[in-house]
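Participant: Kindly generate the corresponding structure for this input.
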Amino acid sequence: MPYSGGSSTTTGVEYQNWFLTLLFSYAFFEQDYHIYPEALRTSMIKVDDIVVKSKHGDFFYSLKFRSPSKNLHWSHSDLCSQDILLDFKQQLIATPKAKLVLISESNCYLFSEVFNRAINASGSQDIHEKLDNEFAVDVWEKAKHVLDFDDFQMIDFARRVTNRTLPIEDLKYLVRHRFMHVTNHDLVAELLLSKALECSSNKRVVNKLVINNWLQERTIPINFSNK
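Facilitator: Next up, the predicted model:
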C-alpha cells in the first residue's frame, strides 16, 4: 500500500473523496455551508485541497492520506517535505482569521499536542513552561525556525492550526452515521460519494441547495425517522 502524503495515489484520492463526502453530509443539514473542492490556488488560497466557508468561519483543509514515513506519524521533516508548514503560514498571512486543518490517518504531535499546550501561553516568558518538557520545546523551536516566527506569532499560529486523525474506515462510518435517521440513507451516502469524485474534478462549489438538486435528479425521497 502506498504511503504517499498527498492525494496523487489511488488510496489518497479515495481518502480525499470520503472526507469530501463527510463534508457534504454536514452541508446537507446546514444552511450557509459552502464547500470548494480542489480550490484553485490564488493570492488568498494557499491550502487548496478543500475550502469551507460557513457561519462558523473559513476552514482550509490539507488532506494527506498518511505521512511519507512508515511510522505513520507527521514528524518535523515530513511536515517540511510536504510543504505543510509553509503552506499553512502563507494561508495564515492571507486569511488571518481562518482555521487551518490537517486531515490524515497519521497523527501530528506538533499540531495536536504541542500547539494544544502552547495556546495557553501568554508569550516568550512562559511558553517553555506551558510546553512542559524538552521534547515538546525542541519540536516547537524547530517549527518556529522554519516558519521564521517569534513566540507570539507561533502562539497565534497554534490557535489557528489543528490536526484531525481520521482513518478512512472512520470516515465511512461517520458518513453513514450522519444519515442513519434518514430514509434511503444508503442511497444518499452512495450518491454523495459519487458526486465527491465529480466535484473534485470539476471544482464545483457545493452547498445544501446543490445537494437537494442531486437528490431530486435521482428521485431519492428524504424523510426523517424518529428512531
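
Participant: so what does the top helix by length along the chain touch, helix or strand wise?
Facilitator: Secondary structure of the chain per DSSP state H: the longest helix is helix 10-29. On a contact count with 3 or more Cβ pairs under 8 Å, 6 or more residues apart in numbering; DSSP states H and E, helix 10-29 meets strand 33-37, strand 50-54, strand 57-64, helix 168-178, helix 185-202, helix 208-217. Where C-beta positions appear, they are placed from N, C-alpha and C, glycine not excepted.

Participant: Who are the contact partners of the spatially most central residue of the chain?
Facilitator: The residue lying closest to the centre of the chain (Cα atoms, centre = their mean) is residue 61, at 3.5 Å. Contacts here follow Cβ atoms under 8 Å, 6 or more residues apart in numbering; on that basis residue 61 touches 19, 47, 49, 50, 51, 52, 101, 103.

Participant: so what's the residue nearest to the second one when sequence neighbours are not counted bridging to?
Facilitator: Read it as residue 47. Nearest residue to residue 47, sequence neighbours excluded (Cβ to Cβ, 6 or more residues apart in numbering): residue 60, at 3.9 Å. Using DSSP bridges, the beta-bridge partners of residue 60 come out as residue 51, residue 100.

Participant: Can you verify my assumption that residue 60 contacts residue 36?
Facilitator: No: under the criterion of Cβ atoms under 8 Å, residue 60 is not in contact with residue 36, lying 9.7 Å apart.

Participant: Please say which of those two ends up with more neighbours.
Facilitator: residue 60 (25 against 20; other Cβ atoms under 10 Å).

Participant: Run through the residues that contact the more buried one.
Facilitator: Here residue 60 is in contact with 45, 46, 47, 48, 50, 51, 91, 95, 98, 99, 100, 101 (Cβ under 8 Å, 6+ apart).

Participant: roughly how far apart are the second one and residue 52?
Facilitator: Separation of residue 46 from residue 52 (Cβ to Cβ, to the nearest Å) stands at 15 Å.

Participant: Could you find the closest non-adjacent residue to the residue nearest to the centre of the chain?
Facilitator: Once flanking residues are discounted, residue 61 sits nearest to residue 50: 4.3 Å by Cβ to Cβ, 6+ apart.

Participant: And that neighbour, how far from residue 60?
Facilitator: For residue 50 relative to residue 60 (Cβ to Cβ), the value is 8 Å.

Participant: Equivalent analysis for residue 120, please.
Facilitator: Residue 120 is 24 Å from residue 60, by Cβ to Cβ.

Participant: just residue 129 next, same as before
Facilitator: Relative to residue 60, residue 129 is positioned 31 Å away (Cβ to Cβ).

Participant: Just give me the neighbour total for residue 54.
Facilitator: By the measure other Cβ under 10 Å, the count of residues near residue 54 is 16.

Participant: For it, which non-adjacent residue is closest in space?
Facilitator: residue 33 (4.6 Å).

Participant: what's near enough to touch that neighbour?
Facilitator: Counted by Cβ under 8 Å, 6+ apart, residue 33 has contacts 26, 27, 52, 53, 54, 55, 207, 208.

Participant: Show me where the protein dips below the pLDDT cut-off.
Facilitator: 1-10, 40-41, 43, 221, 223-227 (pLDDT under 70).
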